[in-house]
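Enquirer: no sequence on hand, only this structure:
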């Protein structure tokens with residue numbers, strides 16, 4: 001059984017930084033695409049970033065491009081999301097997820113999800 005556990009969320013001021021971590025267990029996750037998504041109150045879950053197996057390919061939502069960086073440490077079975085220049089509109093619960101079948105940006109294509117970690121950016 002795959003488990004994904006996020007950490008690193010918190011309260012930060014506008015312009016600040018946070019690094020989220022997602023620790024995976026249960027299978028050799030380095031062979032699969034890992035993604036970060038977020039969901040703000042009253043809004044649908046949206047794609048933030050994804051990273052391919054091996055960490056060779058990354059892809060970002062336009063709203064975070066240039067500010068967020070996704071990376072993975074396969075030896076530690078951990079994926080990271082470095083978030084810089086944070087804005088109030090980045091406030092959301094952030095989820096990591098595992099895609100067993102491809103390299104999608106759609107939440108419905110991801111097979112396993114973490115419980116989420118809250119990020120609040122104050123203005």
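Expert: Thanks, I have it. It should be emphasised that the depicted structure is a prediction, and the values quoted were computed from it without experimental measurement. Numbers count the residues shown, from 1 in each chain.
Enquirer: let me know how buried residue 2 is, in neighbour terms.
Expert: When counting by other CB atoms under 10 Å, one arrives at 15 neighbours for residue 2. In short, each C-beta sits where N, CA and C put it, glycine included.
Enquirer: who are the contact partners of it?
Expert: Shown in contact with residue 2 (CB atoms under 8 Å, 6 or more residues apart in numbering): 24, 25, 26, 27, 29, 98, 111, 112.
Enquirer: using the three-state scheme, assign residue 65.
Expert: Residue 65 falls in the coil class when you classify it by DSSP: H, G, I helix; E, B strand; the rest coil.
Enquirer: and it, how far from residue 59?
Expert: Distance of residue 65 to residue 59, computed by CB to CB, to the nearest Å: 9 Å.
Enquirer: which of those two has more neighbours?
Expert: More crowded of residue 65 and residue 59, by other CB under 10 Å: residue 59, with 16 against 10.
Enquirer: okay but the more buried one is in contact with residue 50, surely?
Expert: Yes - the pair residue 59 and residue 50 qualifies as a contact (CB atoms under 8 Å) at a distance of 5.2 Å.
Enquirer: residue 31 versus residue 46, what's the distance?
Expert: On the measure of CB to CB, residue 46 and residue 31 end up 25 Å apart.
Enquirer: now stretch 86-98: mean pLDDT?
Expert: If you average the pLDDT over stretch 86-98, you get 97.
Enquirer: list of residues touching stretch 116-123?
Expert: Against stretch 116-123 from outside (CB under 8 Å, 6+ apart): 6-14, 16, 18, 20, 38-39, 83, 86-95.
Enquirer: buried ones among those residues?
Expert: Neighbour counting by 16 or more other CB atoms under 10 Å classes 6, 8-9, 12, 18, 20, 38, 83, 86, 90-95 among the contacts of stretch 116-123 as buried.
Enquirer: what's the burial count for the closest residue to residue 60 other than its chain neighbours?
Expert: In this structure, residue 60 finds its nearest non-sequential neighbour in residue 49, 4.8 Å apart by CB to CB, 6 or more residues apart in numbering. Residue 49 sits with 24 neighbouring residues when counted by other CB under 10 Å.
Enquirer: thanks a lot, catch you later.
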